[in-house]
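Q: sequence first, then the predicted structure:
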2 protein chains.
Amino acid sequence: MGLLVVGSIALDTVETPFDKIENALGGSSVYISLAASYFTSPVHLVGIVGEDFDEKYIQMLEDHGIDLDGLQIVPGGKTFRWGGKYHYDLNIRDTIFTELNVFENFNPVIPEKSRKSKFVMLGNIQPNLQLHVLDQLEEPQFVVTDTMNLWIETALEDLLKVLKRTNVLIINDSEARLLTNESNLIKAAKAIMGMGPEYLIIKKGEHGALLFGEDNIFSAPAYPLEDIFDPTGAGDTFAGGFIGYLDHVRDLNFENMKRAVVYGSAMASFAVEKFSTKGIEDLTRLQIHDRFIEFRELSRFDDAGKF
Amino acid sequence: MGLLVVGSIALDTVETPFDKIENALGGSSVYISLAASYFTSPVHLVGIVGEDFDEKYIQMLEDHGIDLDGLQIVPGGKTFRWGGKYHYDLNIRDTIFTELNVFENFNPVIPEKSRKSKFVMLGNIQPNLQLHVLDQLEEPQFVVTDTMNLWIETALEDLLKVLKRTNVLIINDSEARLLTNESNLIKAAKAIMGMGPEYLIIKKGEHGALLFGEDNIFSAPAYPLEDIFDPTGAGDTFAGGFIGYLDHVRDLNFENMKRAVVYGSAMASFAVEKFSTKGIEDLTRLQIHDRFIEFRELSRFDDAGKF
């Protein structure tokens, strides 16, 4: 049992207008697992690294109660490396380099004990690997999937198979438009839900997020941050907070889904305040709940009755 | 007394991917006055048209209780004409032509009885004309100002003088960034409020709006419209609903300001559902309040306590 998380593990080199960091911990499964670890336990992480992966990272993840039995460490191998540079407008980034290394031949193997997991987070990896993960599970009940423009453009057939087995798809607005060739986000959302997912979350960066499902729409605000140090991992952190909260409450109604979106947003707002995973390594549940309340105050208004 | 509205009056030729309309009623003061007329009375409209301005438009405005004593009709003159074409992505539009005609020599003259107006909406016109309007008023108490990128780029000095006499500035996100040379909207907002306005509203189109003031921030959602027929006038309609509601309640606290932003958003959502001013010509207060409640449902979530 527990929450199963599959995705990339990376050493990121990130440059922003404010600072630069080299070979820092990153990757979708790392951000997801860390964010989820504040809400639920155990979190089973499945991923791959090389022999160069620092023991201190393993220690930090284990300190968060993350189970690493599914972590493959390739002797003599090098960990996946990604380099990116953010513009002054942090919504725009260039990929400077991508060294897949051991990630190129990643074959996610779910440890025996984790195959009974009911809650599954498929981080952003090749759709055929996401399918391979699902094939190994006994009876997944709630599958949350992330993807990206690359897979929409190059692996659409497999991605559509994943979507048929997905309960919640999390993508950003440009990906939603790309996947449906529809500029209106509400129409795009309807089209995507016709592809399989019962729920859809469209992330809009500094504009918040939209949740669709049960013939309902929820609009979550974005946290008004003046200083965003590193947007890397914000989407993965959102996903981790989202599924972590739902794995905690284990009651899938729309009110809880809305709260999960806000908890995901809260976690992402912590993540971007520091480089790498630093922003979500040392939080308390109280801090997270306080930020949830800040989101509520930000968007709350009351009806004063008819005018 | 009453609400004073100054701005353009136009005959718009608008093409969208869905339809085309020629010489239809438009202009900032028209959208503002119509939207405000559902909340408060009288609304004094100050603007200029040519002899070609159709009597039926005058009748329609008067039917909404809009006082046209400040409407200048230039004998032999032609009304301001604007032509625009929207892309498939309705967030993008090209101006096809602009014929200023009588608007080129517009000198807004406030009728004697309207000079005591306390609530003033300065629609998007040249900043020196906005200043000229303010100079004619006895004791304006609440001045809401709209502007555009053109004036930020070509008439900044006058615009800064207007801002010093403005209580609420309403602009869109790209204008806020242009005015401050700051990509982070929260920082841009702080910079703008340093220029004079006590409150600032940043409109973000399909992403809703942000209200800043009293050391507080409010994030309003956008109404999830699948079919936007004509975005023309949405910003003006927003402004009209906003100041109209506040002129109605006459109690300027942050809770009312938030509600006013939502009423403005609600009015704008009606405006874009039809071409020209058609979407806001035949509404009822009940319909408007119902849409306000829809906005509330769209963004409402509750705290379930500590997790």
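A: Sure, I can see it. Residues are numbered from 1 along each chain as shown, chains lettered A, B, ... in the order given.

Q: and A:Ile202, how far is that from chain B?
A: Relative to chain B, A:Ile202 is positioned 11 Å away (criterion: Cβ to the nearest Cβ, to the nearest Å). For the C-beta atoms, the positions are set from N, CA and C on the backbone; glycine is no exception.

Q: could you do A:Gln72 as well?
A: Here the criterion is Cβ to the nearest Cβ. By it, A:Gln72 lies 32 Å from chain B.

Q: can you name the residues in contact with the strand or helix carrying that residue?
A: Take DSSP states H and E as the rule and A:Gln72 turns out to sit in strand A:66-74. Contacts of strand A:66-74 with the rest of the structure, by Cβ atoms under 8 Å, 6 or more residues apart in numbering or on different chains, involve A:2, A:6, A:9, A:33-34, A:37, A:42-51, A:53, A:58, A:61-62, A:102, A:106, A:108-111, A:113-114.

Q: sheet partners, orientation included, of it?
A: The strands that strand A:66-74 pairs with in its sheet are strand A:43-50 (parallel) (by DSSP bridges).

Q: what separates the partner strand from the chain centre, distance-wise?
A: In this view, strand A:43-50 has its centroid 15 Å away from the chain centroid, taken as Cα atoms, centre = their mean, to the nearest Å.

Q: pLDDT (mean, whole number) over that strand?
A: Here the mean pLDDT over strand A:43-50 is 98, rounded to a whole number.

Q: cool, stretch A:215-225 as well?
A: Averaged across stretch A:215-225, pLDDT comes to 96.

Q: gap between the two ends of that stretch?
A: Stretch A:215-225 has its terminal residues 31 Å apart, counting by Cα to Cα, to the nearest Å.

Q: can you point out the buried residues in it?
A: Within stretch A:215-225, the residues that qualify as buried by neighbour count (16 or more other Cβ atoms under 10 Å in any protein chain shown) are A:Ile217, A:Phe218, A:Ser219, A:Ala220, A:Pro221, A:Ala222, A:Tyr223, A:Pro224, A:Leu225.

Q: show me which of these neighbour chain B.
A: When contact is defined as Cβ under 8 Å from any Cβ of the partner chain, the buried residues of stretch A:215-225 meet chain B at A:Ile217, A:Phe218, A:Ser219, A:Ala220, A:Pro221, A:Ala222, A:Pro224, A:Leu225.

Q: need these in CSV with secondary structure and distance to A:Arg93, can you?
A: Converted to CSV, those look like this (DSSP: H, G, I helix; E, B strand; the rest coil; distance: Cβ to Cβ, whole Å):
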residue, secondary structure, distance to A:Arg93
A:Ile217, strand, 29
A:Phe218, strand, 28
A:Ser219, strand, 25
A:Ala220, strand, 23
A:Pro221, coil, 23
A:Ala222, coil, 18
A:Pro224, coil, 21
A:Leu225, coil, 17
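
Q: so how many other residues sit close to A:Thr95?
A: As a burial measure, A:Thr95 scores 9 neighbours (other Cβ atoms under 10 Å in any protein chain shown).

Q: just the buried ones from the contacts of strand A:66-74?
A: The neighbour-count test (16+ other Cβ under 10 Å) applied to the contacts of strand A:66-74 identifies A:2, A:6, A:9, A:33-34, A:37, A:42-50, A:53, A:61, A:102, A:106, A:108, A:110, A:114 as buried.

Q: ok, back up a step: can you flag which of the contacts of strand A:66-74 belong to helices?
A: Counting by DSSP state H, the part of those found in helices is A:Ser33, A:Leu34, A:Ser37, A:Ile58, A:Leu61, A:Glu62.

Q: chain B contacts on the stretch 51-200 of chain A?
A: Residues of the stretch 51-200 of chain A lying close to chain B by Cβ under 8 Å from any Cβ are A:Tyr88, A:Asp89, A:Leu90, A:Ser183, A:Asn184, A:Leu185, A:Ile186, A:Lys187, A:Lys190.

Q: turn these into CSV, columns for secondary structure, pLDDT and neighbour count.
A: Written out in CSV, the entries for these read as follows (DSSP: H, G, I helix; E, B strand; the rest coil; pLDDT from 0 to 100; neighbours: other Cβ atoms under 10 Å in any protein chain shown):
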residue, secondary structure, pLDDT, neighbour count
A:Tyr88, coil, 79, 11
A:Asp89, coil, 76, 12
A:Leu90, coil, 79, 21
A:Ser183, coil, 88, 16
A:Asn184, coil, 91, 20
A:Leu185, helix, 94, 22
A:Ile186, helix, 96, 20
A:Lys187, helix, 96, 16
A:Lys190, helix, 97, 15
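
Q: out of these, who's nearest A:Ala209?
A: Among those, A:Leu185 lies closest to A:Ala209 (Cβ to Cβ), at 11.2 Å.

Q: so the residue positioned nearest the centre of chain A, which state does it fall into?
A: Of all residues in chain A, the one closest to the mean position by Cα atoms, centre = their mean is A:Asp236, 2.4 Å from it. Secondary structure, DSSP: H, G, I helix; E, B strand; the rest coil: A:Asp236 is helix.

Q: let me see the backbone angles for the closest residue to it other than its chain neighbours.
A: In space, and not counting its chain neighbours, A:Asp236 is closest to A:Tyr31: 3.6 Å by Cβ to Cβ, 6 or more residues apart in numbering or on different chains. In terms of degrees, to the nearest 10, the main-chain angles of A:Tyr31 are phi -60, psi -40.
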